[in-house]
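Undergrad: next input, structure requested:
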Amino acid sequence: MIRLKALLVKEFLQMKRDKAVIAMMLFLPVVQLLLFGFAINTDVKHLPTIVYDQCLQQDSRDLLDSFTASGYFDIKDIAGNFEEVDEAVDAGREKVGIIIPPDFASNIKHGRSAEVQVIVDASDSMTASSAINAAQIIGQLKSQELMGKKYRQLTGEKYITPYDIRIRPWYNSDFVTAYYMVPGILGIVLTMTMVMITSMAIVRERETGTLEQLLVTPMKSYELMLGKIIPYIFVGYIQAAVALSAGILVFDLPVRGSLSLLFLLTTPFIVASLALGILISTIAKTQMQAMQMSFFVLLPSVLLSGFMFPREAMPTLFYYLGDILPATFYMEIMRGIILKGIGIQYLWTQAAALGVFIIGVFTISLVKFSKKIT
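TA: The predicted structure follows:
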């Protein structure tokens, strides 16, 4: 009994010393609850939409009003030709493209089936499913409005669907789940391993007593951090190559874009993840704290980056929180190159965002590290 009491006292004292870790463990369920409760929504609405209306009459405007009123489509741009629609969807600025032909109103007036083409970015299968279902329902409802006596007389009692909504899912027309998930999994694996490895780098040196030995050398702070980062860049490349090869061989993952560009843009993502781990390492006092803080990065990366749940369905606050995560930009890079086959002209903004993230986080890490050693 005495030994048990002594052990309990020892553990409580240890918990007191590790109060930061205990606080994180208590706070983590609250973060999970908020993220799952508010940010996760599979009913995707307000999809950015571009319209190419060649009819420009009241019938086409009424149809577009129905799309907007549904709450699933937000018309952001008006295109002047097909190429503008293609470019907007390829770049990821718009998730849906609606093309109305010039004879749309004439077909409605004379009792003929009026075709409308709806292009959907199916690289995100959940978003695409919501868009397709909503477009089909809108077409059915608008058709029912015209299926009155006058329209039946025009068609000679023959059943013709007035609004013929032609869905064109691009990039993943068969909605193969692996095509959507595998690129995302690669980003999450790299985030998890790179952040966790480097988050304990400086802390481990401090706990083993070797940090002081490094500090007495002529080595500068940024050289020490670069020395901790550079070797793991090659580890990240190996991980990416192995995971991508497995995706191609096992899941028949199509790589429609440039592999060299993919690996080139993987570099800033790996460095950004390593820099984030170094920042954690300069803040944490123990390896346990570093590991707990790493989970605070991993969880939002899974939930807010668009890996599993579409970002378009998230509340505004959580949507912009996702914009500060390196994984968010890498998801767009991976799916853009692998599924869409797009080039650097559409992905330079994501690469630039990762570059800004690296500079900002690395600078903060240097300042924090300098304060700790002075």
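Undergrad: my read: Ser294 touches Met194, true?
TA: No: using C-beta atoms under 8 Å, Ser294 is not in contact with Met194; the gap is 10.0 Å. Quick note: C-beta positions are derived from backbone N, CA and C, even for glycine.
Undergrad: and the strands in the stretch 151-300 of the chain, which stretches?
TA: Applying DSSP state E, counting those that start in this stretch to the stretch 151-300 of the chain gives strands spanning 163-170.
Undergrad: got the residue ranges for the helices in it?
TA: 177-199, 201-208, 211-215, 221-251, 259-283, 287-304 (DSSP state H, counting those that start in this stretch).
Undergrad: the residue nearest to Ile197 when sequence neighbours are not counted and Thr193: what is the separation?
TA: Leaving aside its sequence neighbours, Ile197 sits nearest to Tyr232 (C-beta to C-beta, 6 or more residues apart in numbering; 5.9 Å). Using C-beta to C-beta, to the nearest Å, Tyr232 is found at 9 Å from Thr193.
Undergrad: of these two, who's got more company?
TA: Using other C-beta atoms under 10 Å, the more surrounded residue of Tyr232 and Thr193 is Tyr232, with 20 against 17.
Undergrad: distance of the more buried one relative to Ile324?
TA: Distance from Tyr232 to Ile324, counting by C-beta to C-beta: 22 Å.
Undergrad: same check, this time on Gln287
TA: Taking C-beta to C-beta, one finds Gln287 at 25 Å from Ile324.
Undergrad: what about the two, which has more around it?
TA: Legend: neighbour count by other C-beta under 10 Å for Gln287 and Ile324, higher for Gln287 (16 against 13).
Undergrad: quick one: the more buried one and Val203 touch, right?
TA: Yes: using C-beta under 8 Å, Gln287 is in contact with Val203, at 5.2 Å.
Undergrad: intersection of neighbour lists for those two?
TA: Listed as contacting both Gln287 and Val203 by C-beta atoms under 8 Å, 6 or more residues apart in numbering is no residue at all.
Undergrad: count of neighbours near Glu223?
TA: 12.
Undergrad: torsion angles phi and psi at Val255?
TA: Dihedral angles of Val255 (phi, psi; degrees, to the nearest 10) stand at phi -110, psi 100.
Undergrad: so who does it touch?
TA: 244, 248, 262, 337-338.
Undergrad: and it, how far is that from Leu261?
TA: Counting by C-beta to C-beta, the gap from Val255 to Leu261 is 11 Å.
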